[in-house]
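[1] Next comes the sequence, and after it the predicted model I'd like to discuss.
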Amino acid sequence: DAKTTQPNSMESNEEEPVHLPCNHSTISGTDYIHWYRQLPSQGPEYVIHGLTSNVNNRMASLAIAEDRKSSTLILHRATLRDAAVYYCILRNTGANSKLTFGKGITLSVRP
Amino acid sequence: NAGVTQTPKFRVLKTGQSMTLLCAQDMNHEYMYWYRQDPGMGLRLIHYSVGEGTTAKGEVPDGYNVSRLKKQNFLLGLESAAPSQTSVYFCASSYSMRMNTEAFFGQGTRLTVV
């Protein structure tokens, strides 16, 4: 499985935008880019995913580089509740595809 | 709609004891997964299943067994618990990978082996 690289941690201020980077230089053409987050003492929850084009949903936006070797999760207006570990994951459509987590990036939000 | 339910939520075992963790999903998902998460770490895949009656090994399968006799249930067994298996266990489920949809996670089972 192709790997992703994320910074260990990031801090932001409440009500400001947050850009969480992810590098995936060995991504293959069939790999989708998924983001999950894990709030303290909870199971992970899905945030967003995309293949080539930028994606928006009610939680966040996903900006994907033209060469697909990197992507950025954008939280448009951080709240205290967004403090969590964010995981960037590559997932392909093969029959035995697994969902493999790295260490993720810990986002802290300052009031 | 309950989603993914894990039973039990907490358990303390003595070394050498056995137990089974139950994961149940009501979304008719094909794929189910078992992960463990140790302090300060990401989730590591133990075993997974791509359909009823099938199972496969993940990254850290040693010391665990699984069964998927019914589509909605995925059981994780510890035959002889060891302190190294103290962890938080998460179950997840999703539709077929070909649909590349999101995975849904349970709230976790906190297991302590003394």
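    Received the coordinates, thanks.
[2] Give the next helix or strand downstream of whatever helix or strand A:V47 lives in.
    Using DSSP states H and E, A:V47 falls within strand A:45-50. The helix or strand immediately downstream of strand A:45-50 is strand A:55-56, counting by DSSP H and E.
[3] tell me what that following strand is packed against?
    strand A:61-64 (3 or more CB pairs under 8 Å, 6 or more residues apart in numbering or on different chains; DSSP states H and E). Yep, even glycine has a C-beta here, placed from its N, CA and C like the rest.
[4] at 10 Å what do you get?
    Counting contacts by 3 or more CB pairs under 10 Å, 6 or more residues apart in numbering or on different chains; DSSP states H and E, strand A:55-56 packs against strand A:45-50, strand A:61-64.
[5] what's near enough to touch A:Y86?
    By CB atoms under 10 Å, 6 or more residues apart in numbering or on different chains, the contact set of A:Y86 is A:6, A:10, A:18, A:20, A:22, A:35-38, A:44, A:47, A:60, A:73, A:75, A:104-107.
[6] If we use 7 Å, what do you get?
    A:20, A:35, A:37, A:73, A:104-105, A:107 (CB atoms under 7 Å, 6 or more residues apart in numbering or on different chains).
[7] Tell me if it really is in a strand.
    Yes: assessed with DSSP: H, G, I helix; E, B strand; the rest coil, A:Y86 lies in a strand.
[8] Chain B versus that one, what's the distance?
    Relative to chain B, A:Y86 is positioned 11 Å away (CB to the nearest CB, to the nearest Å).
[9] Just say helix, strand or coil for A:L107.
    Once three-state DSSP is applied, A:L107 turns out strand.
[10] confidence score at it?
    A:L107 carries a pLDDT value of 98.
[11] Kindly reformat the helices and strands packed on strand A:55-56 as JSON lines containing mean pLDDT and mean neighbour count.
    Shown next, in JSON lines, are these (pLDDT from 0 to 100; neighbours: other CB atoms under 10 Å in any protein chain shown):
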{"stretch": "strand A:45-50", "mean pLDDT": "94", "mean neighbour count": "18"}
{"stretch": "strand A:61-64", "mean pLDDT": "98", "mean neighbour count": "19"}
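[12] With distance to chain B added, can I get those strands in CSV?
    Converted to CSV, the helices and strands packed on strand A:55-56 look like this (distance: least, CB to the nearest CB, whole Å):
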stretch, distance to chain B
strand A:45-50, 4
strand A:61-64, 13
